[in-house]
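Q: the sequence isn't on hand, but the structure is:
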């Protein structure tokens, strides 16, 4: 089994991957992590191909490259690999009915037209971007794109990573061209990467998932979920992971674009998280808020991913400026205790403490 | 903070605690673990004081003591510290109605009389047993008993441990006389030890819970939940736990009393687990079976712990001899992958591999 450290081979000093977090970060967090020796990640799912190009230019510039010359600095570009949804008029109507009391409360009138996507699966235009910018790592959530698209990523020279939430998914990814697996434990914030089953009972905590995935696949495994400090990083490395992916701990960094509302909620400290599909249609972990409490965090009668977001947008637009996060996804993992109000570079170095290598394979 | 290893002080060679598992073990599993250098545990909650005395005599005998002379071998005697339930006629009737189709299917007639408890909280008679047998450790689930009872345990010379599923519970236990905390991650099988909240969203995976508990209390912390092999033991020790508590991995050992049905279900390998309160009234993790699928694993309209068990007993009695586990609690943690069909002593030594100390403090 190839369990050699990936980070010296990639050119990273530290076995720390900053988790891609759409909505709460841009190139600045990724750049700060890269500059500190970790692998910064840029989430692409909410970008169009054109806006992603602009963002990558900013990232490359921050990493010392000129124009769109490939930077020597490794980073991870993350895409969603879901299938575009088929709108469902009945579920959409049901969703509008569920939200109507909130619209009424905020004096808003619903636009009951079709929902728009907002989150885009990896496609040919994005493959063009990958080929132009040549990131060291391209990671996927929700499986992998179609073989021809994946082949274009491979030919760009990128290593291909994807998230597994079960042993079956890890095996599937290893069999379908992934170079490494991100074992996403149930503690993780944001969207579950699950793609072979929709049964949440299949989802395991990091302590149970990681050894099973390590035993199941012959490729490197990055551990994710609940990892928030150097102790936990050391623990997953000692279990056999080649790196730790850390998300929640970065949410309070000044380089993150986490909203003030979201920051305040994270700092309250004792709000639990839950898996919810209300905000997008797919289960994701966030701090429990009013929408989750009142509608129940998981529902089967809502529009498919990512079409839930459209009808929530006007509520967010009305409520957030009033300091109200009732309709806002407050993505967070279970270890909000690990959030640090410190520079992302310093946090990266602290996470990587006691794991430094001399760069030799 | 007192983070010195507890196991040399107790007289154990290995920092491995065998989790007490009512219903699937007796003194034999505990004795085998003790003899291998771990801390074996005997679950007392389903015993009367008199049957517990008999069981402890067998344990002491297996550990080389004569009669009821205190053995020199440390072991852990585990009690539940719940409040005895107040029967609720409405919930009981609702429960009978929910189960009626299954009774009809099996040609059984329900006894709709009051439910009996079956699981007993720690009381004065049990304190007498503790004082007579003087176990090295007395552990509690669901909090701690009343102060006068706890004082009797303390005066017996036992160290007092209890399970925490949240930081708040860990702090409460440290403030109320616990000598060590078992941090029970969400991966763990059997009953959640939760006692300050009934909100399952407060429950954290081991990777998130353990560092938070370690930071919150100044007493030793034993990690539990998903820990099934030497890698995971090493990982939690490296995070700062003084020991690892392991349950599920022991379920297939010949010394366990795990039923053939339960063993078969564990060996099928791909059955997920879920938290369910159907079998007792309190949330516990077990393999998903028909009752959980059809009624939903978690319900609010069922009798309080542990009164659910009474009405299920006739169904189990009818179904189990037919090889049917539809009504049987198949307790298991998320890491069923770690179950080993091997002698418990050998498993204990394997779990403790690479963690051996020379016994010095």
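A: Yep, that arrived. Everything numeric here is computed off the predicted structure, so don't read it as measured data. Residues are numbered from 1 along each chain as shown, chains lettered A, B, ... in the order given.
Q: residues in contact with residue A:353?
A: residue A:230 (Cβ atoms under 8 Å, 6 or more residues apart in numbering or on different chains). Just so you know, the C-beta spots here come from the backbone N, C-alpha and C atoms, and that holds for glycine as well.
Q: distance check, it against residue B:213.
A: 21 Å (Cβ to Cβ, to the nearest Å).
Q: where do the helices of the stretch 1-150 of chain A begin and end?
A: Assigned by DSSP state H, counting those that start in this stretch, the helices in the stretch 1-150 of chain A fall at A:7-10, A:27-35, A:49-62, A:89-105, A:124-133, A:147-155.
Q: buried deepest among these, which one?
A: helix A:27-35 (a mean of 25; mean count of other Cβ atoms under 10 Å in any protein chain shown).
Q: summarise which helices and strands it is packed against.
A: Applying 3 or more Cβ pairs under 8 Å, 6 or more residues apart in numbering or on different chains; DSSP states H and E, one finds that helix A:27-35 contacts strand A:16-18, strand A:41-43, helix A:49-62, helix A:344-352.
Q: for chain B, find the nearest of the ones you listed.
A: Chain B lies closest to helix A:344-352 among the helices and strands packed on helix A:27-35, at 12.4 Å (Cβ to the nearest Cβ).
Q: give the buried residues for the closest one.
A: Buried positions in helix A:344-352, judged by neighbour count with 16 or more other Cβ atoms under 10 Å in any protein chain shown: A:344, A:345, A:347, A:348, A:349, A:350, A:351, A:352.
Q: could you dump these into CSV and include pLDDT and distance to residue A:152?
A: Shown next, in CSV, are the buried residues of helix A:344-352 (pLDDT from 0 to 100; distance: Cβ to Cβ, whole Å):
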residue, pLDDT, distance to residue A:152
A:344, 98, 31
A:345, 98, 33
A:347, 98, 34
A:348, 98, 31
A:349, 97, 35
A:350, 97, 37
A:351, 97, 33
A:352, 96, 32
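Q: as a markdown table, those with distance to chain B would be great.
A: A markdown table is the format used below for these (distance: Cβ to the nearest Cβ, whole Å):
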| residue | distance to chain B |
| --- | --- |
| A:344 | 20 |
| A:345 | 22 |
| A:347 | 15 |
| A:348 | 18 |
| A:349 | 18 |
| A:350 | 13 |
| A:351 | 12 |
| A:352 | 15 |
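Q: just curious, which of those residues is nearest to residue B:271?
A: Of all the buried residues of helix A:344-352, residue A:351 has the smallest distance to residue B:271: 35.8 Å, by Cβ to Cβ.
Q: re earlier: what would the helices of the stretch 1-150 of chain A look like in JSON lines with mean pLDDT?
A: Listed next are the helices of the stretch 1-150 of chain A as JSON lines, based on pLDDT from 0 to 100:
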{"stretch": "helix A:7-10", "mean pLDDT": "86"}
{"stretch": "helix A:27-35", "mean pLDDT": "98"}
{"stretch": "helix A:49-62", "mean pLDDT": "97"}
{"stretch": "helix A:89-105", "mean pLDDT": "95"}
{"stretch": "helix A:124-133", "mean pLDDT": "97"}
{"stretch": "helix A:147-155", "mean pLDDT": "98"}
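Q: residue A:267 and residue B:197: what is the separation?
A: For residue A:267 relative to residue B:197 (Cβ to Cβ), the value is 21 Å.
Q: typed the wrong thing, it's residue A:170
A: From residue A:170 to residue B:197 the distance is 34 Å (Cβ to Cβ).
Q: next one: residue A:199
A: In terms of Cβ to Cβ, residue A:199 sits 26 Å off from residue B:197.
Q: low-confidence ranges, chain A, go.
A: For chain A, the stretches flagged by pLDDT under 70 are A:1-4, A:66-70, A:117, A:354, A:356-361.
Q: how does it divide into domains?
A: A:1-82+A:119-251+A:338-361, A:86-117+A:253-331 (automatic domain parsing).
Q: so can I have TSV of those showing distance to residue B:156?
A: Rendered in TSV, the data for the domains of chain A read as follows (distance: least, Cβ to Cβ, whole Å):
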stretch	distance to residue B:156
domain A:1-82+A:119-251+A:338-361	33
domain A:86-117+A:253-331	36
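Q: which of these sits closest to residue B:40?
A: Comparing the domains of chain A by Cβ to Cβ, domain A:1-82+A:119-251+A:338-361 comes nearest, at 22.3 Å.
Q: chain center to the closest one, what's the gap?
A: 8 Å (Cα atoms, centre = their mean, to the nearest Å).
Q: show me what contacts the residue nearest to residue A:82 when sequence neighbours are not counted?
A: Excluding the flanking residues, the one nearest residue A:82 by Cβ to Cβ, 6 or more residues apart in numbering or on different chains is residue A:142, at 4.4 Å. When contacts are counted by Cβ under 8 Å, 6+ apart, residue A:142 touches A:80, A:81, A:82, A:163, A:191, A:193, A:194, A:195, A:282.
Q: what sits closest to the last one if chain neighbours are left out?
A: Meaning residue A:282. Here the residue nearest residue A:282, using Cβ to Cβ, 6+ apart, is residue A:305, at 4.1 Å.
Q: next one: the one you found from chain B, what distance?
A: Here the criterion is Cβ to the nearest Cβ, to the nearest Å. By it, residue A:305 lies 22 Å from chain B.
Q: so that residue touches residue A:85, yeah?
A: Yes: applying Cβ atoms under 8 Å as the test, residue A:305 and residue A:85 come out as touching, 6.2 Å apart.
Q: looking at the two, which has the bigger crowd around it?
A: Between residue A:305 and residue A:85, residue A:305 has the larger neighbour count (other Cβ atoms under 10 Å in any protein chain shown), namely 23 against 17.
Q: please see if the host helix or strand of residue A:162 touches chain B.
A: Using DSSP states H and E, residue A:162 sits within strand A:159-164. No: remark: strand A:159-164 sits outside contact range of chain B, by Cβ under 8 Å from any Cβ of the partner chain, the gap being at least 14.3 Å.
Q: for that strand, packing partners?
A: So strand A:159-164, by 3+ Cβ pairs under 8 Å, 6+ apart, packs with strand A:137-141, helix A:147-155, helix A:167-175, strand A:180-184.
Q: quick one: end-to-end distance for stretch A:279-291.
A: Stretch A:279-291 has an end-to-end distance of 9 Å (criterion: Cα to Cα, to the nearest Å).
Q: what residues sit buried inside that stretch?
A: A:279, A:280, A:281, A:282, A:283, A:284, A:285, A:286, A:287, A:288, A:289, A:291.
Q: what is the burial count for the residue in the stretch 51-200 of chain A that chain B sits nearest to?
A: In the stretch 51-200 of chain A, the residue that lies nearest chain B is residue A:187 (4.1 Å; Cβ to the nearest Cβ). The number of residues packed near residue A:187 is 30, by other Cβ under 10 Å.
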